[in-house]
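Q: Got a predicted structure plus its sequence, pasted below:
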Amino acid sequence: MNKHTATILKFPSSTLAVAKQALPTKPVKIERIRHFLVLMAESEASNKNSFFEFLSTFRPKIIFDLRQFPRLDFADGSRRRAFRIFEELSVQYIDVPGRLGISSREDFLALDQDTTPTLRSWVEADPHDDRPIVCLYTDDAVIRQFGKVFRNDIQYYKQRHPETHISQFRAGLLEFQGAATY
């Protein structure tokens with residue numbers, strides 16, 4: 001195992017095991033991941049049930065969907081199934097381009113930090129809910145622009161939670177990226 005691979009699934013103050021079976025009927029018991037941002041490319045999560053396995057295992061509090069076409073059937077399911085699971089797991093789903101009235105990649109890349117609403121205005125605040133936050137995307141340029149446009153929101157969150165970490169979802173695993181560096 002190389003040095004990069006050795007970091008997979010090693011997080012500060014917790015050891016995690018990812019369930020290898022289909023969506024479990026009972027929650028998988030894992031230690032809490034505190035203040036964690038997961039960057040999830042649709043292409044990495046489109047393996048059969050991997051998106052739903054992730055949801056049931058890590059139980060994120062928010063999914064920011066940054067895709068231009070935010071369909072949820074990509075995960076070998078249906079939009080109805082996805083929203084039922086979101087409701088069961090108390091996951092807040094936010095279609096970012098839809099909220100911003102954006103219909104193209106170019107419009108998203110042209111967003112200006114000063115004229116864009118804050119993420120905090122969309123998020124149902126619960127100061128005691130430290131479950132992971134997921135950014136679902138298809139385009140690397142869009143995820144970078146998201147980091148630029150919402151830099152103030154991200155920095156505000158990091159100030160309140162300095163132990164925040166970023167992880168990249170890769171083919172069913174999380175790769176630890178270290179402290180948040182947006």
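A: Nice, I can see it. Keep in mind that this is a model prediction, so the values were computed, not measured.

Q: Might one say that residue 38 is in contact with residue 132?
A: Yes: in this structure, residue 38 is within contact of residue 132 by Cβ atoms under 8 Å, at 5.4 Å. C-beta here means a position set from N, CA and C on the backbone, and glycine is covered the same way.

Q: Now list whatever residues contact both of those two.
A: 58, 60 (Cβ atoms under 8 Å, 6 or more residues apart in numbering).

Q: Do you know the pLDDT at residue 89?
A: Reading off the confidence values, residue 89 has pLDDT 92.

Q: Does the most centrally placed residue in the chain fall in a helix, a strand, or a coil region?
A: For the chain, the residue nearest the mean C-alpha position is residue 134 (0.9 Å; Cα atoms, centre = their mean). Three-state assignment for residue 134 (DSSP: H, G, I helix; E, B strand; the rest coil): strand.

Q: Quick one: mean pLDDT for the helix or strand where residue 108 lies?
A: Using DSSP states H and E, residue 108 maps to helix 105-109. Mean per-residue pLDDT for helix 105-109: 93.

Q: other SSEs contacting it?
A: Here helix 105-109 touches helix 96-100, helix 140-149, going by 3 or more Cβ pairs under 8 Å, 6 or more residues apart in numbering; DSSP states H and E.

Q: List the buried residues in it.
A: Neighbour counts over helix 105-109 (16 or more other Cβ atoms under 10 Å) mark 105, 108 as buried.

Q: And it, how far out from the chain middle?
A: Counting by Cα atoms, centre = their mean, to the nearest Å, helix 105-109 is centred 20 Å from the centre of its parent chain.

Q: likewise stretch 89-96?
A: 10 Å.

Q: Please apply the same query to stretch 92-110.
A: 16 Å.

Q: just for this protein, where's the confidence low?
A: Counting by pLDDT under 70, the chain shows low-confidence ranges at 1-34, 48, 74-77, 127, 171-182.

Q: gap between residue 156 and residue 139?
A: Going from residue 156 to residue 139 by Cβ to Cβ, to the nearest Å gives 25 Å.

Q: who does the helix or strand that contains residue 63 touch, helix- and strand-wise?
A: Assessed by DSSP H and E, residue 63 sits inside strand 62-65. Helices and strands touching strand 62-65, by 3+ Cβ pairs under 8 Å, 6+ apart, are strand 92-95, helix 96-100, strand 133-137.
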